[in-house]
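K.L.:
Next come a sequence and a model predicted from it.
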Amino acid sequence: MKNANYIINGVLAVAVIVLFILHFSGGKSNQLSSSSSFGGDSINQTLLPVAYIRTDSLLNNYELFKDLSEASMKELENHQVDINQRKQKFEREAQEFQQKVQLNAFLTQDRMNQEGSRLEKTRADLERYADQIKQSLSDKQMQMQQQLQDSVLSGLKLFNTPQKYQIIFSNIGTDNFYYVDDAYDITKEVVDFLNARYKPAK
């Protein structure tokens with residue numbers, strides 16, 4: 001039992017000596033490390049190799065996104081006009097058919113059935129055409145998003161060459177971050193870089 005006490009006391013004595021030495025010999029290093037900690041004033045002077053981009057702001061100011069959106073909107077409007085014109089024509093023909101039926105204007109039942117079948121086929125073709133346009137616009141929307149994503153990612157690789165950041169985050173509004181120092185916001189730099197290398201199609 002006495003031997004055990006001697007061993008414990010010896011270990012404690014060594015620990016105290018080690019702490020004593022570290023305290024007096026490492027004082028300067030402790031002060032240095034504490035001055036570079038996140039709680040110190042030097043946080044504003046030394047930034048981590050990370051940054052973030054406000055995605056909504058980037059899209060609103062990236063010329064490629066504006067051009068793609070404008071082209072997509074024009075195409076959508078043109079298709080909408082086309083579909084509305086086809087729909088109005090069909091509705092006029094359907095009304096004329098109903099008037100002829102009410103006035104008993106068809107010479108034969110077969111002639112009335114033929115006209116009814118033609119209108120039914122026109123209606124089905126119109127619905128199929130509208131679905132095709134909707135699918136085509138959806139496919140082009142995906143292509144636009146892919147083109148935009150490829151442009152931003154390839155641009156970021158060039159922007160970050162030589163490597164300045166280990167990680168570049170993306171956020172929309174307050175998503176992902178509750179608070180981040182504005183010093184880590186590189187949105188404007190990236191937008192300016194992307195717009196400088198963007199060459200609109202003539």
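P.N.:
Now that the structure is in, tell me what you want to look at.

K.L.:
tell me the domain boundaries of this protein?
P.N.:
According to automatic domain parsing, the chain comprises the domains 2-44, 50-197.

K.L.:
Out of these, which one sits most buried?
P.N.:
The highest mean neighbour count among the domains of the chain, using mean count of other Cβ atoms under 10 Å, belongs to domain 50-197: a mean of 13. Where you see a C-beta, it was placed from the backbone N, CA and C, and this is true even at glycine.

K.L.:
roughly how far out does that one sit from the chain middle?
P.N.:
Domain 50-197 sits 15 Å away from the centroid of its parent chain (Cα atoms, centre = their mean, to the nearest Å).

K.L.:
quick one: the residue positioned nearest the centre of the chain from residue 90, how far?
P.N.:
The structure's the chain has its C-alpha centroid closest to residue 55; by Cα atoms, centre = their mean the separation is 6.3 Å. Per Cβ to Cβ, to the nearest Å, residue 55 is found 43 Å from residue 90.

K.L.:
Pretty sure residue 130 sits against residue 83.
P.N.:
Yes. Under the criterion of Cβ atoms under 8 Å, residue 130 is in contact with residue 83, at a separation of 5.5 Å.

K.L.:
Could you list the low-pLDDT ranges of the chain?
P.N.:
1-45, 173-174, 202 (pLDDT under 70).

K.L.:
State which helix of it is the longest.
P.N.:
helix 109-159 (DSSP state H).

K.L.:
Run through the neighbouring helices and strands of it.
P.N.:
Here helix 109-159 touches helix 63-102, helix 187-197, going by 3 or more Cβ pairs under 8 Å, 6 or more residues apart in numbering; DSSP states H and E.

K.L.:
strands paired with the very next helix or strand once past it, and their directions?
P.N.:
With elements assigned by DSSP states H and E, the helix or strand that comes after helix 109-159 is strand 167-171. Paired neighbours of strand 167-171 in the sheet (DSSP bridges): strand 50-54 (parallel).

K.L.:
Report the angle between the strand it pairs with and helix 187-197.
P.N.:
Angle of strand 50-54 versus helix 187-197, following axes from the mean of the first three to the mean of the last three Cα atoms, to 10 degrees, is 70 degrees.
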